[in-house]
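J.: Need the 3D shape of this:
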Amino acid sequence: MKNENETSGEAEGQAMPKTEVVSKPRRKQFSVGERQRILREADACQGSGEIGALLRREGIYSSYLTTWRKQKERGELDGLSPQKRGPKTDPQAIELAKLRRENERLQKKLQQAELIIDIQKKVSQILGSRWPNFPRRRKPDGIC
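T.: Purely as a prediction, here's the structure:
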């Protein structure tokens, strides 16, 4: 029969499994270099089961390889780098906003020019003079 000391000594000699739970699991993010390395290794696989072993070793799903290969085929080098989150900017929307601002600016300038012309007409009427008559252009043969 064993003592209490002997049984507790055996339990201390063994490593206790880690039971701590991470509060929020995080998905592994692969850098561009890691993704390209994994794609090269996957392309080099010849035998049956080699790609499955690669996937298990790297801890990734086969859908990752599929997505990365499609991005590589399309030449989307940015597709292999981390994507910027949030709404994507549309170049046409940017151009439209620029044109609208310019249109508003020109509308204000036109209103200001029309106001100046109206004031000049009123001043001219008050003073009793008319708009100056500009001389007509002469025709090349000298006849007006």
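J.: lowest-confidence helix or strand of the protein?
T.: helix 4-13 (a mean of 51; mean pLDDT, DSSP states H and E).
J.: Next SSE downstream of that helix?
T.: Under the assignment DSSP states H and E, the closest C-terminal helix or strand after helix 4-13 is helix 32-44.
J.: Tell me the buried residues in that following helix?
T.: R35, I38, L39, A42 (16 or more other Cβ atoms under 10 Å). (C-beta placed from N, C-alpha, C; glycine too.)
J.: Now it: average pLDDT?
T.: Per-residue pLDDT over helix 32-44 has a mean of 87.
J.: Return the distance of it from the chain's centre.
T.: Distance of helix 32-44 from its chain centroid, counting by Cα atoms, centre = their mean, to the nearest Å, is 25 Å.
J.: How about stretch 26-35?
T.: Taking the mean of its C-alpha atoms, stretch 26-35 sits 19 Å from the chain's own mean (Cα atoms, centre = their mean).
J.: Cool, thanks, signing off.
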